[in-house]
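A.B. asks: How does the following fold in three dimensions:
(4 chains)
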2 protein chains.
Amino acid sequence: MNTITRKQRELQQREKLFLDTARQVIRDNGVSALTMEVIAEITEYSKGTVYKHFTCKEDIMCALCAEGVEYLISLCSQMTEFPGSPREKSIIIALSYLLYAERYPEEFDLLVASKNANIRQKASPERLAVTDEADQKITQLIKDQIHAAIQCGDLTLTPDATVDQLCLGPWAISLGITALYEAQDMISSIEFPPLQDTLYQQLNFLLDGYQWRPLSTEFDYKKTLADAALQLAKNTDDFSISDTLGVQE
Amino acid sequence: MNTITRKQRELQQREKLFLDTARQVIRDNGVSALTMEVIAEITEYSKGTVYKHFTCKEDIMCALCAEGVEYLISLCSQMTEFPGSPREKSIIIALSYLLYAERYPEEFDLLVASKNANIRQKASPERLAVTDEADQKITQLIKDQIHAAIQCGDLTLTPDATVDQLCLGPWAISLGITALYEAQDMISSIEFPPLQDTLYQQLNFLLDGYQWRPLSTEFDYKKTLADAALQLAKNTDDFSISDTLGVQE
DNA sequence: AACATACTTTGACGGAGCGTCACAGAATGA
DNA sequence: TCATTCTGTGACGCTCCGTCAAAGTATGTT
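C.D. replies: Sure, this is the predicted structure:
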C-alpha cells in the first residue's frame, strides 16, 4: 500500500533532481546549453526517463520559470513582512524582481522568453497551469498592496482605472526595464545608469502618477529599501543583497 | 565599370527578396516556421546562397527587427508631423509601437526576443550595428520630444533624472505592457482591458509622474490620438488603424 | 521457487534543421 | 578559344529532438 506513496516520492525526488540539474546547466553555461541529453547524462538516467517527466524542452523551461517565480514570492514575502506603508511594500516587491534578475540573468531571460507564445504553446497544459498559479500568487501580492492602499486612503481609484490595471503598470515597467537592461550593450543611444536606480526612479514616477501616497516627494523610499535589504540579508545570511540593490548604510 | 554597381544592385535586390520572404513566412506560419531551407526553396535559390547574405538564422531575425524598427520610425514620423505639444507627440510615438505590435504580433515577438543575449550573440556584428542604428533613431525621436518639452517649460528635470532615463521609462512600459499582453491568455489572475487602453493610461500616469505638462488631468489626449490615427489612416488609405487604436469619431 | 504479469528504463533510430565546402557552372578577360 | 575568377549548389556531417520496441525490474500468484 505505502509502496505507492514511496514510488510517488521517488518520482517527485527525481523530478526535482532533473530540474535542479537543468537550472545548474543554465547557470553554468546558459540556456543554449540546456539539452535533454545533457540532463540525462548528468543525472545518469536515459533520455526516455527525462521524457517521462517533461513532455519537451519547453516544458522544463516553464517548470523552471514556475520555480523562479516561487523563489521570487519567497523573497517578496520575506521583505514585505517588514512593517511599512502599502507603497513601501510595492516598491520592495518590484525590487525583489530586480534582485532575482540580477542574480540569475539566464533564468530571468527564461522568464521573459516564456511569456512568448512559441514557448508556451509547446509546453504541457499541466505545466502551464502551475506557472499560472505562481503568476497568480505574485500578482495577488501586488493587488493586496493596492487594496490596502485604497483601504487606508493612500490611493483613490479614478473611474477608468481598475485594481488590475494598476497592477499591470508596475509589473510591465519592471519587466520592460529589466529586459532593456539585458540588451544594454547593444543599445548605444542611451546611457544606462545602474539598473536599480532606473527601476527605483521610474517606479516612483509611475506610482506618483497614480497619486499613491506618500508621494516620492514626501517620503524617502531609499531608506525603506535599505532597511528591507538589510532585513533580507540577515534572513539569508547573504550580505551581497545590499550591494545588488545599491543601498549603503 | 558599372557592372560592379549592377552586381551590387542585384545583390541588394536578392537580400531584399530573402528578407521579404522571411517576413512573409513569419506572418503566415509564425517564427517557428522560419528555416533557412524554406527561404531557399521559396526563392528558388540554394541554402548556400542564403548563407552568402546572412551568417545564420539569428542574423536574419535581427535584420527583420531592424526593418521592423524602420517601419515603426516611418509610422512615428508620419504621426509626429501632426502639430501638437511634445507630450502629445510622445504619446503618439508609444502608440505607434502598439500599432506595430498589434498588426504584426509575430514580428513583435521577434523584437522582444532579439533583446535577448542568446539571439544577439549569434548574429553578425555588422547586422547588430544596423539594428543599433535603428534603435538609435527611435530613441532620438523620444529624446527630441523630451528636449522640446524642457525647452518650452512643459517639463523640468529633477537633479537625479537625465533625459536618457526619462526616455527609458516610456520605452520600458511600452515593451513591458505589450509583452505581457502577448501572454494574457496564460495569466488568469488579471483581467486585461484592451491593450491600447492600458498603454494609454499607464503612459499618462508615468508622464504625469514626470510632471510633464499638460497633465492628463488638464488635457484630453484621447483627442490627440484620434486625430493622429485619422491622419495616418488618410496617409496610408488604411482605416483599420483607427480601430486598432480604439478611437472612434 | 517458479512463473506470469505489469510496470519502468533504455538507447538506437528517424527526422528536422543548421552550417560547410568541394565542386560545377557561369562570367570575364586575354 | 582557352584561362581565370567569381558565383551558386546541394550533398554531407553534425546536433538535438522526440519515439518506441525491446530489455530489464518489480510485484503478485500458485
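A.B. asks: which parts of chain A sit against DNA strand D?
C.D. replies: A:3, A:34-37, A:47-48, A:51, A:55-58, A:122 (C-beta under 7 Å from any atom of the strand). Bear in mind the C-beta positions are built from the backbone N, C-alpha and C, glycine included.
A.B. asks: Which ones among the residues you listed map onto helices?
C.D. replies: Taking DSSP state H, the ones among those that sit in helices are A:3, A:36, A:37, A:47, A:48, A:51, A:57, A:58.
A.B. asks: Would you mind measuring from the third one to residue A:238?
C.D. replies: Using C-beta to C-beta, to the nearest Å, one gets 34 Å for the distance from residue A:37 to residue A:238.
A.B. asks: Kindly report the same for the fourth one.
C.D. replies: Taking C-beta to C-beta as the measure, residue A:47 falls 36 Å from residue A:238.
A.B. asks: go on, the last one?
C.D. replies: Relative to residue A:238, residue A:58 is positioned 32 Å away (C-beta to C-beta).
A.B. asks: can you check residue A:179 too?
C.D. replies: Taken as C-beta to C-beta, the span from residue A:179 to residue A:238 is 25 Å.
A.B. asks: for residue A:157, same thing?
C.D. replies: 38 Å.
A.B. asks: same thing with residue A:119?
C.D. replies: 31 Å.
A.B. asks: Compare the two and say which one has the larger neighbour count.
C.D. replies: Relative neighbour count places residue A:119 above the other of residue A:119 and residue A:238, with 18 against 12, counting by other C-beta atoms under 10 Å in any protein chain shown.
A.B. asks: Would you mind confirming that the more buried one is in contact with residue A:109?
C.D. replies: No. Applying C-beta atoms under 8 Å, one finds residue A:119 not in contact with residue A:109, separated by 11.5 Å.
A.B. asks: Toward the C-terminus, what is the element adjacent to the helix or strand encompassing residue A:78?
C.D. replies: Per DSSP states H and E, residue A:78 falls inside helix A:57-80. Per DSSP H and E, helix A:57-80 leads on to helix A:86-103 as the next helix or strand towards the C-terminus.
A.B. asks: is chain B contacted by that next one?
C.D. replies: No. Helix A:86-103 lies out of reach of chain B by C-beta under 8 Å from any C-beta of the partner chain, never closer than 11.4 Å.
A.B. asks: Which other helices and strands does that helix contact?
C.D. replies: helix A:57-80, helix A:105-113, helix A:125-151, helix A:163-182, helix A:195-209, helix A:221-236, helix A:240-244 (3 or more C-beta pairs under 8 Å, 6 or more residues apart in numbering or on different chains; DSSP states H and E).
A.B. asks: gap between the shortest one and the chain center?
C.D. replies: Centroid separation between helix A:240-244 and its chain, computed with C-alpha atoms, centre = their mean, to the nearest Å, is 17 Å.
A.B. asks: before we move on, what about the second one?
C.D. replies: In this view, helix A:105-113 has its centroid 10 Å away from the chain centroid, taken as C-alpha atoms, centre = their mean.
A.B. asks: Quick one: mean pLDDT over the very next helix or strand once past it.
C.D. replies: Per DSSP H and E, the first helix or strand lying C-terminal to helix A:105-113 is helix A:117-120. Taken as a whole, helix A:117-120 has a mean pLDDT of 86.
A.B. asks: Then stretch A:19-34?
C.D. replies: pLDDT averaged over stretch A:19-34 gives 96.
A.B. asks: ditto for stretch A:178-188
C.D. replies: 90.
A.B. asks: Not counting that stretch itself, show me its contacts.
C.D. replies: Contact partners of stretch A:178-188, identified using C-beta atoms under 8 Å, 6 or more residues apart in numbering or on different chains, comprise A:97-98, A:101, A:105, A:108-109, A:112, A:190, A:192, A:195, A:198-199, B:112, B:115-117, B:120, B:128, B:131-132, B:135-136, B:139, B:168, B:171-172, B:175-176, B:179.
A.B. asks: End to end on that stretch, go ahead and measure it.
C.D. replies: End-to-end distance of stretch A:178-188 (C-alpha to C-alpha, to the nearest Å): 17 Å.
A.B. asks: so residue A:141 touches residue A:80, yeah?
C.D. replies: Yes. Between residue A:141 and residue A:80 there is a contact under C-beta under 8 Å: 7.1 Å.
A.B. asks: For chain A, which residue gets nearest to DNA strand C?
C.D. replies: residue A:48 (2.2 Å; C-beta to the nearest atom of the strand).
A.B. asks: buried sites along stretch A:82-97?
C.D. replies: By neighbour count with 16 or more other C-beta atoms under 10 Å in any protein chain shown, stretch A:82-97 contains the buried residues A:84-97.
A.B. asks: okay, among those, which ones form the most distant pair?
C.D. replies: A:85 and A:97 (19.2 Å; C-beta to C-beta).
A.B. asks: Look at residue A:6 and tell me its secondary structure.
C.D. replies: helix (DSSP: H, G, I helix; E, B strand; the rest coil).
A.B. asks: and the gap between it and chain B?
C.D. replies: 35 Å (C-beta to the nearest C-beta, to the nearest Å).
A.B. asks: residues near that residue, how many?
C.D. replies: 10.
A.B. asks: can you check residue A:110 too?
C.D. replies: 22.
A.B. asks: just residue A:27 next, same as before
C.D. replies: Neighbour tally, residue A:27, other C-beta under 10 Å: 14.
A.B. asks: Just list the residues touching it, thanks.
C.D. replies: Counting by C-beta under 8 Å, 6+ apart, the residues that residue A:27 touches are A:104, A:106, A:107.
A.B. asks: host element of it?
C.D. replies: Going by DSSP H and E, residue A:27 is part of helix A:2-29.
A.B. asks: What does residue A:85 show for phi and psi?
C.D. replies: The phi and psi values for residue A:85, taken as degrees, to the nearest 10, are phi -70, psi 160.
A.B. asks: wait, isn't it in contact with residue A:154?
C.D. replies: Yes. Under the criterion of C-beta under 8 Å, residue A:85 makes contact with residue A:154 at 6.5 Å.
A.B. asks: any common contacting residues for those two?
C.D. replies: residue A:214.
A.B. asks: residues contacting residue A:103?
C.D. replies: residue A:244.
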